[in-house]
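>>> structure for this input, please:
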Amino acid sequence: MASPTPRRFGASLIQWIDSDFSLESPEAIRAQPDGVNLVRCIPFIILHLGCLGVIWVNWSWFALWTAVALYFIRMFFVTGFFHRYFCHKTYHTSRFGQFLLAACTGTTVQRGPLWWAYHHRHHHQHSDTDEDAHSPHIHGFWWSHIGWITSRRNFPTDYSKVKDLAQYPELVWLNRFDIVVPVVFATALFGLGVYLQSAFPHLGTNGPQLLIWGFFISTTVLFHGTASINSFTHIWGSRRFQTDDDSRNNFLLSLITLGEGWHNNHHRYQSATRNGFYWWEIDPTYYGLKLLSWTGFIRNLKPVPQSIYDEAALLNRQNRLPQIQPLSLGSDRMAIENRKSKSVIS
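Numbers count the residues shown, from 1 in each chain. So this is what the prediction gives:
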């Protein structure tokens with residue numbers, strides 16, 4: 001566990017406001033060994049301790065359902081905007097629409113869109129290898145779930161890896177000052193609670209209560225729901241495709257994360273808007289994006305190619321053959337293993 005010097009401690013505090021501020025070059029920071037940074041732990045400690053505020057603010061049905069609603073709405077922002085747009089560009093929108101998507105992701109309190117996209121693209125390029133920042137096979141479960149975010153080397157955004165996004169100054173600004181939207185969001189929840197206490201007292205809520213339930217509790221659960229894809233879907237579930245990592249499909253996690261649990265599907269073909277490749281693979285994020293496309297706000301949702309379905313059918317047939325001796329699959333097998341593309345954006 002790395003103990004920061006006073007100078008580094010001060011720089012880390014400034015980074016809470018300006019995430020691009022640093023005493024060292026981003027390259028030098030990324031070259032450092034992994035280790036838990038105490039200052040980087042403070043935001044997570046505050047977020048989790050904030051949940052204990054429920055002891056003083058109690059609860060109401062309105063506050064409880066607000067927390068639940070904000071969990072699923074913001075999980076959609078994580079999966080539909082952070083992941084399927086900024087990381088993989090699985091659909092298109094206008095420049096203003098792109099800015100709105102980025103602003104929405106800010107409410108999730110999961111850093112900026114370019115930082116998120118950079119790390120996720122890096123994960124796909126080096127999945128379950130020593131270079132993967134959050135592989136449970138390489139670094140262990142808890143490091144893949146939360147520890148990797150507290151390491152200094154994972155804090156800077158490598159803008160050279162997200163040049164398609166870094167060309168937009170408004171996205172860079174939201175990424176650099178990633179504290180702005182969460183603060184505005186938390187303040188708005190508090191203000192809404194104050195207003196409802198006065199205008200609709202029968203709801204039984206107030207400013208502090210809505211802040212605790214709508215921001216702290218909902219955001220904490222949202223973080224762990226999102227992190228479960230890093231930690232669980234590379235150790236728990238089934239594998240339809242023979243990818244060169246240990247990604248897995250998991251129905252339960254698909255319910256928790258609105259379709260992200262179909263992780264093996266996604267690792268096989270990253271450019272599709274849907275992660276649930278078949279109708280029985282529940283993918284609420286895809287359904288939401290499909291509805292949004294009908295408004296014209298987003299467009300050109302990318303489908304799963306027929307070749308991927310053909311590959312899945314071939315693998316399914318092979319898996320049903322008697323396993324008396326190793327199968328010699330010849331060129332078909334080689335084609336399947338070599339077909340996985342390392343390109344994150346098609």
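>>> what is the neighbour count of the closest residue to residue 206 other than its chain neighbours?
Of all residues not flanking residue 206 in the chain, residue 197 sits nearest, at 4.2 Å (C-beta to C-beta, 6 or more residues apart in numbering). For every residue, glycine as well, the C-beta is placed using N, CA and C. By other C-beta atoms under 10 Å, the residues close to residue 197 number 17.
>>> and residue 197, which of the three is it?
The local conformation at residue 197, judged by DSSP: H, G, I helix; E, B strand; the rest coil, is helix.
>>> from residue 205, how far off is it?
Distance from residue 197 to residue 205, counting by C-beta to C-beta, to the nearest Å: 6 Å.
>>> can you get me a residue count around residue 280?
7.
>>> quick one: the strands in the stretch 201-346 of the chain?
Using DSSP state E, counting those that start in this stretch, the strands found in the stretch 201-346 of the chain span residues 298-299.
>>> show me where it has helices.
Taking DSSP state H, counting those that start in this stretch to define them, one finds helices in the stretch 201-346 of the chain at 207-211, 218-231, 251-256, 263-268, 284-294, 306-320, 330-338.
>>> please save the CA atoms from the shortest one in CSV.
By that I understand helix 207-211. C-alpha atoms of helix 207-211 as CSV (Å, rounded to 0.1, in the frame of the first residue of the first chain):
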residue,chain,number,x,y,z
GLY,A,207,-33.4,17.0,1.5
PRO,A,208,-31.0,14.9,3.6
GLN,A,209,-33.0,11.7,3.1
LEU,A,210,-33.2,12.0,-0.7
LEU,A,211,-29.5,12.8,-0.7
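>>> gap between that helix and the chain center?
26 Å (C-alpha atoms, centre = their mean, to the nearest Å).
>>> and stretch 7-25, by the same measure?
24 Å.
>>> point out where the stretch 1-150 of the chain drops to low pLDDT.
The stretch 1-150 of the chain contains residues with pLDDT under 70 at 1-5, 8.
>>> can you pull out the strands in it?
So, for the stretch 1-150 of the chain - with DSSP E, counting those that start in this stretch - the strands run 92-93.
>>> just to revisit the earlier point, and the residue nearest to residue 206, what's its pLDDT?
We note a pLDDT of 97 for residue 197 in this prediction.
>>> and the gap between it and residue 63?
Taking C-beta to C-beta, one finds residue 197 at 11 Å from residue 63.
>>> which neighbours do the two share?
Residues touching both residue 197 and residue 63 by C-beta atoms under 8 Å, 6 or more residues apart in numbering: residue 205.
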